[in-house]
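**Q** need the 3D shape of this:
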Amino acid sequence: MEFRPYYLAREWLKLGHRVRIVAASESHLRHQQPNVDGNIAHESIDEIEYVWLKTPSYHGNGVGRVLNLLAFAKALFLYRKSLLSDFIPDIVIASSPHPFIIRGSKKIASHAKASLVFEVRDLWPLSLVELGGMSRWHPFVMLMQYEENYAYQCSDKIASLLPKAQEYMCSHGMSKEKFIYTPNGIVVADWKTSRSLPNETAGKIDLFRSKHDFLVGFTGTHGVANALSYLLEAAKLLKSDNVGFVLVGEGIVKNALIKYAQKNKLSNVLFLNPVEKRMIPSFLTRMDILYIGWKKQPLYRFGVSPNKLFDYMMAGKPIVHAIDAGNDLVAESGCGISCEAENPEAIAKVIMKLKDLSEDNSEAMGAKGRDYVLANHDYAVLAKKYLGAMP
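**A** Take a look at the predicted model:
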């Protein structure tokens, strides 16, 4: 499930607004797909209206995914009148990553005489060029660039999750006054209703804690982009410093990480299976500090807005942030120490600096992160700011 629109919609409902989310019937972001017998289906989830448009299933990032996103863009255009038959919006938000939805969204907004917002979660097609290695002259990339430029020009507002993307967007046709920064956030209520870890998981952490007096935690996808190989190299450097590393989650590089730990006899590294989202707070609060790392990617010059970081900050724990990007919320808030990305020695040094902090200083540093999130990234706050920026 794509949680950002759900969380924003839930807050807008509390403010008295009616919200409808239109989405593809097939998405890799959902563990379970909705049942759509015909071309269109309606469903209510926590009083939020969902409309599912039939799209083909797919696996991975190949041709199947391209056909899926094009099918959704086509369906949005074809069924635009049906979508408006019982719902006339004041604001239409076309949320990327891909810009092909802009044509249908523009038609819907024009018919309803509504404001059109193009929400940019990822810069496509630039991500395909800089991260995926595609040529900017590839026909698909050129088509996507044409649609992205059109989106910047025809929309009333551009809502960007990337704080430093304004100059890039202006170079592709956006007027400067259209830009608004709308980062990701956190649901504070989830921390009040968090669940305890399974007994088996909690037991493994307790046993590991008995052997290491300082724990570094990570939770989330074990993917290439998460730069966990450098964390394990740092663990190797700190084998004799009584520092333990606990990694929770799954991903395509997890087996390789486990093999590396076994090969180098890293008894100070513990791998655990994923836990439910509501259990993450319970895990984070068991750690002494938390790690988030990034690969060195030119695309990050536009900034990052990772959900994981907000969870970490909400936990009130100091954070090791290995990053080279256009923004750095850990440095801005003072809730940890940042260092160069892809640098195990630098990561190890930061870990030891945080280990040497007094208990009072460690708690004060962690509290800065929690205070920063509550003031700037609570979805209740973000939802009001979002609407306040509308024309």
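
**Q** quick check, residue 12 in contact with residue 385.
**A** No: checked against CB atoms under 8 Å, the pair residue 12 and residue 385 is beyond contact range at 12.0 Å. (Each C-beta comes from the backbone N, C-alpha and C, glycine too.)

**Q** between these two, which is the more surrounded one?
**A** A side-by-side neighbour count of residue 12 and residue 385, using other CB atoms under 10 Å, places residue 12 first with 18 against 13.

**Q** just the element for that one, please.
**A** helix 3-14 (DSSP states H and E).

**Q** alpha carbons of that helix, in PDB - could you do that?
**A** Extracted in PDB, the C-alpha atoms of helix 3-14 (Å, rounded to 0.1, in the frame of the first residue of the first chain):
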ATOM      1  CA  PHE A   3       0.900   5.100   2.700                       C
ATOM      2  CA  ARG A   4       1.600   8.800   2.000                       C
ATOM      3  CA  PRO A   5      -1.800   9.500   0.200                       C
ATOM      4  CA  TYR A   6      -3.600   7.400   2.800                       C
ATOM      5  CA  TYR A   7      -2.100   9.300   5.700                       C
ATOM      6  CA  LEU A   8      -2.800  12.700   4.100                       C
ATOM      7  CA  ALA A   9      -6.300  11.600   3.100                       C
ATOM      8  CA  ARG A  10      -7.000  10.500   6.700                       C
ATOM      9  CA  GLU A  11      -6.000  13.900   8.000                       C
ATOM     10  CA  TRP A  12      -8.000  15.800   5.400                       C
ATOM     11  CA  LEU A  13     -11.000  13.700   6.400                       C
ATOM     12  CA  LYS A  14     -10.600  14.900  10.000                       C
END
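
**Q** quick thing: my sequence starts at 20, can you match it?
**A** New numbering, starting at 20: the last item is helix 22-33.

**Q** buried stuff in that helix?
**A** For helix 22-33, a neighbour-count test (16 or more other CB atoms under 10 Å) marks 23-32 as buried.

**Q** now those as CSV including pLDDT?
**A** Shown next, in CSV, are those (pLDDT from 0 to 100):
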residue, pLDDT
23, 93
24, 95
25, 96
26, 95
27, 97
28, 97
29, 96
30, 97
31, 98
32, 98
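
**Q** off-centre distance for the lowest-mean-pLDDT helix or strand in the chain?
**A** Within the chain, confidence by mean pLDDT, DSSP states H and E is lowest for helix 207-211 among all helices and strands, at a mean of 86. Centroid separation for helix 207-211 versus its chain: 18 Å, with CA atoms, centre = their mean, to the nearest Å.

**Q** give me the next element, helix or strand, following it.
**A** Defined by DSSP H and E, the subsequent element after helix 207-211 is helix 218-228.

**Q** who touches the helix or strand following that next one?
**A** Where DSSP H and E defines the elements, the next helix or strand beyond helix 218-228 is strand 233-238. With contacts defined as CB atoms under 8 Å, 6 or more residues apart in numbering, strand 233-238 is touched by 224, 227-228, 245, 247, 250, 261-268, 294, 299, 302-303, 305-311, 327, 330, 336, 339, 370, 374.

**Q** which residue ranges of the stretch 70-219 of the chain form strands?
**A** 110-114, 134-139, 176-179, 198-200 (DSSP state E, counting those that start in this stretch).

**Q** could I get those as TSV with mean pLDDT?
**A** What follows is these, written out as TSV (pLDDT from 0 to 100):
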stretch	mean pLDDT
strand 110-114	98
strand 134-139	98
strand 176-179	98
strand 198-200	98
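
**Q** so which of those strands comes closest to residue 67?
**A** strand 110-114 (13.7 Å; CB to CB).

**Q** any stretches of this protein with poor pLDDT?
**A** 20 (pLDDT under 70).

**Q** please parse it into its domains.
**A** 22-204+397-407, 208-395 (automatic domain parsing).

**Q** the first one: end-to-end distance?
**A** Taking CA to CA, to the nearest Å, the first and last residues of domain 22-204+397-407 lie 21 Å apart.

**Q** over to the shortest one?
**A** Across domain 208-395, the terminal residues are separated by 16 Å (CA to CA).

**Q** tell me which residue lies farthest from the centre of this protein.
**A** residue 259 (34.7 Å; CA atoms, centre = their mean).

**Q** and it, that's in a helix?
**A** No: counting by DSSP: H, G, I helix; E, B strand; the rest coil, residue 259 falls outside a helix, being coil.
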